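> sequence plus predicted model, see below.
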Amino acid sequence: MKTFRTAGVRGGRGEGTESPILPPSRLPAPYQNSNAPKGWPAVFLLAVLIGMTTAGCGFYSFSGATIPEGYQTIAIVPVENATTATVSNLDGELTTLLNERFVERTRLQLATNPNNADVVLSGRITGYSDESASVGGGDNLATRNEVSVRAEVQYRESATDSLLIDETYTRSETYDLAGGPAEGDRAAALAALENIADAVYSDATSDW
């Protein structure tokens, strides 16, 4: 090694050991001037690894929903209503909400016959209540009511006849009585059904 005289360092010795300086053409690749975006090899490798992992697990993801590749069709049995709710067509509303999520948000094709479907989704509304949630004023009259809807849901794999989901979902929403109970209770019931449908969809597409 040659000796050199240090520059820009005061108060130390003037001589030291010089490290070899490589010309640009001999610099390691990461230090050479390149027009390629920095970090692209790592990004590319990460994308490849994610793709391999997803393919190896046999799942297909679409709009955030993860569906096993073996599932191509779904039958959604019309929801039953076992309650005496004053709000009409709760069963039809929940059936529509489930169709919107499982058919429109995934690659699953709707099968009209459950016997021809890879998975079958069925539900039954078993509870409905509309009760006072808060009172106010000197006469202690109710100012807000709370609507609660309970539904039993089953999600079954046809090939093995195994239950993927067998749950009871209960969701509640409040409404202001000042706006009129006839309109308020229906809006609250529909909001509760929306939340039930979201919960079923999340459980069915994210637990793999």
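Yep, that arrived.

> run a quick neighbour tally on residue 197.
Residue 197 has 25 neighbours, counted by other CB atoms under 10 Å. Glycine gets a C-beta too; all of them are placed from N, C-alpha and C.

> show me what contacts it?
94, 97, 98, 100, 101 (CB atoms under 8 Å, 6 or more residues apart in numbering).

> just the residues you listed: which are in helices?
94, 97, 98, 100, 101 (DSSP state H).

> in ChimeraX, how would I select just the buried ones from these?
Command for ChimeraX, covering only those of these found buried under the criterion 16 or more other CB atoms under 10 Å:
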select :94,97,98,101
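
> doesn't residue 154 make contact with residue 166?
Yes - contact criterion CB atoms under 8 Å: residue 166 and residue 154 qualify, at 5.3 Å.

> now do the shared contacts for these two.
By CB under 8 Å, 6+ apart, residue 166 and residue 154 have no common neighbours.

> looking at these two, which is more packed in?
Ranked by neighbour count (other CB under 10 Å), residue 166 and residue 154 place residue 154 first, with 15 against 10.

> can you put the contacts of residue 197 in JSON lines and add pLDDT?
Listed next are the contacts of residue 197 as JSON lines, based on pLDDT from 0 to 100:
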{"residue": "94", "pLDDT": "99"}
{"residue": "97", "pLDDT": "99"}
{"residue": "98", "pLDDT": "99"}
{"residue": "100", "pLDDT": "97"}
{"residue": "101", "pLDDT": "97"}
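
> adding distance to residue 149, write those residues out as a markdown table.
Listed next are the contacts of residue 197 as a markdown table, based on distance: CB to CB, whole Å:
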| residue | distance to residue 149 |
| --- | --- |
| 94 | 8 |
| 97 | 12 |
| 98 | 14 |
| 100 | 17 |
| 101 | 17 |
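
> from these, pick the one nearest residue 206.
residue 101 (12.4 Å; CB to CB).

> of the ones in helices among the contacts of residue 197, which is the nearest to residue 76?
residue 98 (5.5 Å).

> what about residue 183, how many residues nearby?
Neighbours around residue 183, by other CB under 10 Å: 10.

> relative to residue 166, how far out is it?
35 Å (CB to CB, to the nearest Å).
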